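Visitor: model the following, please.
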Amino acid sequence: MDYSLEPIIDEMKQEIDKWIAYINDKDADKIVKRTTLQAGIHGYALLKYDGSRADLTDNLLDLSVPGKSRLSTSGGLTEEQVREQIVPELARYMQHRLKALPPAVLDYRFKFEGNFQVSGGFVKVPILEYVDEAKKKLLLDRISLYISSKLEAGKYPTKPLETFFLARHLLDEELFPVLDSGRIIGVYERIQELNKGSKHLPEHRNTLTVALRNWVEEQWLPRYFENTGSGWQKEYTKKSGAVLAQSGSGQEAVELVIYSAVSILRYEPSYSRSTGLTFLNCVTALGSTRADRLIREGSGALAKDVTRLKAELVECIANDVFAEVSIHMKQESGESYGQALRFLITLLERGFPKSYQIKLKSAVKSWLPIKGLAKSGTHRFFANALEYPEVHPLLVEYARAAMETFEWYTDTEGEKCCMPGSYAVFGLGLTDREYFPLVGEYMEKVDVEHQSVQNGFTAALYGHFGINTETLSILVTCLLYSTDSLKLKMMKEIEDEQLLRLLLNQVRGLQYYQVEHLVYLIWGGKDKLKKLADKAEGEKKQNLEELMQACRRG
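Guide: So this is what the prediction gives:
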């Protein structure tokens with residue numbers, strides 16, 4: 001041993017000690033018991049040494065302390081010193097420290113790497129890697145049991161935490177050395193099927209997509225491409241001589257890369273679109289004709305007569321890979337919008353993604369008179385169509401085919417997110433009272449946690465029709481599914497004795513927290529309602545006090 005290295009190695013060992021102390025100060029047993037699919041907590045550690053300081057980090061923790069002075073070596077380390085003296089000593093030390101940890105702290109596999117500054121740059125080297133075969137076998141058995149009992153024979157939504165681990169396990173080459181894309185895709189699709197209609201569906205989809213994206217970027221792409229970009233701007237150049245096997249694992253991987261790209265394009269925000277396209281372009285660069293066809297024509301799961309309409313008045317093309325429908329209005333008329341709406345209804349009934357968007361080519365730019373809506377091609381298409389009363393029945397039919405909780409038009413984000421069918425329902429609701437039942441159906445499907453555009457519609461509905469015996473019921477329904485940020489000045493009107501009695505009749509079947517929500521939106525909260533009740537007399541006082549009682553738990 002070169003004794004001049006001892007102070008550096010000692011400092012590195014101190015970093016290992018700090019990390020061990022940190023991960024050992026956790027209730028590991030309790031954490032891993034949340035799901036049978038977690039074998040342990042920590043599976044990776046990286047020791048970084050920049051010539052003057054050492055830090056040990058993992059995917060959960062960064063112990064670096066900016067500005068803290070550290071030891072430094074005159075002249076720096078050599079790669080030979082790192083590989084022949086430092087790495088063996090650190091491997092022995094880490095192995096010794098790991099043995100004392102409770103079993104639940106470490107995953108079935110643990111990898112320890114180092115990134116050292118040496119003369120001429122940095123060198124990244126493996127220090128220690130081991131696999132606990134007993135844990136690995138137990139985990140494989142649990143994965144198999146989970147898939148057979150909870151997914152294949154399952155009938156109920158699954159837990160997002162279970163999806164988090166399973167999605168990554170299925171892509172782990174240590175657990176599954178032979179890639180079976182059909183099995184992986186089947187499991188991923190089954191998870192989404194079981195969670196359809198659950199508020200956690202977007203979380204499951206995001207978890208699956210992130211796992212796929214990481215696998216493509218960390219495992220598949222480096223085999224065939226060099227990342228010639230920088231930072232977040234990744235650009236991939238095909239490696240010289242890179243050839244994709246036309247059978248076996250090569251094609252299995254391609255299927256998974258394509259599935260990953262399609263998942264990103266369908267379900268991730270619009271800013272991720274370039275990543276999905278990059279994956280497809282990389283597959284195409286390796287000679288895959290299917291990826292190129294997907295870009296141009298879609299998956300082929302739907303017949304061409306369903307995804308293509310070329311008529312004298314309108315032309316429509318649907319691509320289920322991008323979850324996009326391009327509509328070219330050659331003539332602005334009720335007949336042309338009717339043809340386009342029938343096309344959309346058939347698409348959705350045949351299984352086209354309900355989270356989609358419309359790319360519209362039209363000379364007309366109509367918008368609904370509602371604050372907070374995105375000015376998108378999808379919005380414009382339905383606003384234009386609403387100008388033709390003869391297509392209103394088709395808009396109702398479309399809305400019922402499109403409405404699905406936890407699905408979204410993909411050209412809206414953040415506060416402007418809206419469930420498919422929103423524009424048709426909003427426009428019809430402002431057109432005539434006969435569409436109030438449709439509005440009620442829509443509101444009962446709204447995911448209030450992730451959508452707030454119904455606030456703007458509710459305000460517009462109140463502004464258009466006012467509040468009276470005919471509109472009270474639908475306004476109460478809309479208020480129930482609006483968020484606390486909605487501000488309506490209807491307090492004085494609703495204190496009319498007849499309307500107050502009608503309101504009481506409606507709230508009698510509601511939960512206390514729903515009544516509390518209505519009171520907050522109308523009067524500003526229970527305290528303000530109480531003050532009003534204290535000042536009131538006669539039947540009005542009795543009605544207001546009954547409302548107060550309905551706000552109380554139990």
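
Visitor: show me where the stretch 1-150 of the chain has strands.
Guide: Counting by DSSP state E, counting those that start in this stretch, the stretch 1-150 of the chain has these strands, from start to end: 42-49, 54-57, 106-118, 121-131.

Visitor: now do the contacts for residue 462.
Guide: Contacts for residue 462 (Cβ atoms under 8 Å, 6 or more residues apart in numbering) come out as 471, 475, 488, 490. No exception for glycine: its C-beta is placed from N, CA and C like everyone else's.

Visitor: is it true that it lies in a strand?
Guide: No - if the criterion is DSSP: H, G, I helix; E, B strand; the rest coil, then residue 462 is helix and not within a strand.

Visitor: any idea of the pLDDT on it?
Guide: Each residue has a pLDDT score; the one for residue 462 is 96.

Visitor: per-residue confidence at the closest residue to residue 126 other than its chain neighbours?
Guide: Residue nearest to residue 126 in three dimensions, not counting chain neighbours: residue 113, with 5.6 Å by Cβ to Cβ, 6 or more residues apart in numbering. At residue 113, the model reports a pLDDT of 95.

Visitor: same question for residue 487.
Guide: Note on residue 487: pLDDT of 85.

Visitor: got it, and the one 5 residues further on?
Guide: Residue 492 carries a pLDDT value of 81.

Visitor: for the helix or strand it falls within, buried residues please.
Guide: Using DSSP states H and E, residue 492 sits in helix 491-494. Residues of helix 491-494 classed as buried: residue 494 (neighbour count, 16 or more other Cβ atoms under 10 Å).

Visitor: who are the packing partners of that helix?
Guide: Packed against helix 491-494 by the contact rule (3 or more Cβ pairs under 8 Å, 6 or more residues apart in numbering; DSSP states H and E) you find helix 497-507, helix 512-523.

Visitor: how does it look with 7 Å?
Guide: Here helix 491-494 touches helix 512-523, going by 3 or more Cβ pairs under 7 Å, 6 or more residues apart in numbering; DSSP states H and E.

Visitor: and the helix it packs on with helix 497-507, angle?
Guide: Interaxial angle, helix 512-523 versus helix 497-507 (axes from the mean of the first three to the mean of the last three Cα atoms, to 10 degrees): 150 degrees.

Visitor: state the distance from residue 361 to residue 549.
Guide: With distances defined as Cβ to Cβ, to the nearest Å, the gap from residue 361 to residue 549 amounts to 57 Å.

Visitor: also residue 109?
Guide: Look at residue 109 and residue 549: by Cβ to Cβ, they are 60 Å apart.

Visitor: residue 487 sits in which helix or strand?
Guide: Secondary structure assignment for residue 487, by DSSP H and E: no helix or strand.

Visitor: that one: how many residues sit nearby?
Guide: Close neighbours of residue 487, defined as other Cβ atoms under 10 Å, add up to 9.

Visitor: now, which of the contacts of residue 462 sits nearest residue 273?
Guide: residue 488 (37.4 Å; Cβ to Cβ).

Visitor: let me see the contact set for the closest one.
Guide: Neighbour list for residue 488: 459, 462, 521 [criterion: Cβ atoms under 7 Å, 6 or more residues apart in numbering].

Visitor: alpha carbons of stretch 462-479, as CSV, please.
Guide: Output of stretch 462-479 as CSV, limited to C-alpha atoms (Å, rounded to 0.1, in the frame of the first residue of the first chain):
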residue,chain,number,x,y,z
TYR,A,462,-75.2,30.9,-13.5
GLY,A,463,-74.5,34.1,-15.5
HIS,A,464,-76.6,32.8,-18.5
PHE,A,465,-79.6,31.3,-16.8
GLY,A,466,-79.5,32.8,-13.3
ILE,A,467,-80.8,30.9,-10.3
ASN,A,468,-84.5,30.0,-10.1
THR,A,469,-86.7,27.0,-9.4
GLU,A,470,-85.7,25.5,-12.8
THR,A,471,-81.9,26.0,-12.5
LEU,A,472,-81.3,25.5,-8.8
SER,A,473,-81.0,21.7,-9.1
ILE,A,474,-78.3,21.7,-11.8
LEU,A,475,-76.4,24.6,-10.2
VAL,A,476,-76.2,22.7,-6.9
THR,A,477,-74.9,19.7,-8.8
CYS,A,478,-72.3,21.9,-10.5
LEU,A,479,-71.3,23.4,-7.2
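
Visitor: flag every buried residue along that stretch.
Guide: Counting neighbours by 16+ other Cβ under 10 Å, the buried set in stretch 462-479 is 462, 465, 467, 471-472, 474-479.

Visitor: swap in stretch 10-18?
Guide: Judged by neighbour count (16+ other Cβ under 10 Å), stretch 10-18 contains these buried residues: 12-13, 15-16.

Visitor: now pLDDT and distance to residue 398 too, for those residues, in a markdown table please.
Guide: Putting these into a markdown table (pLDDT from 0 to 100; distance: Cβ to Cβ, whole Å) gives the following:
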| residue | pLDDT | distance to residue 398 |
| --- | --- | --- |
| 12 | 95 | 65 |
| 13 | 95 | 67 |
| 15 | 94 | 61 |
| 16 | 95 | 62 |
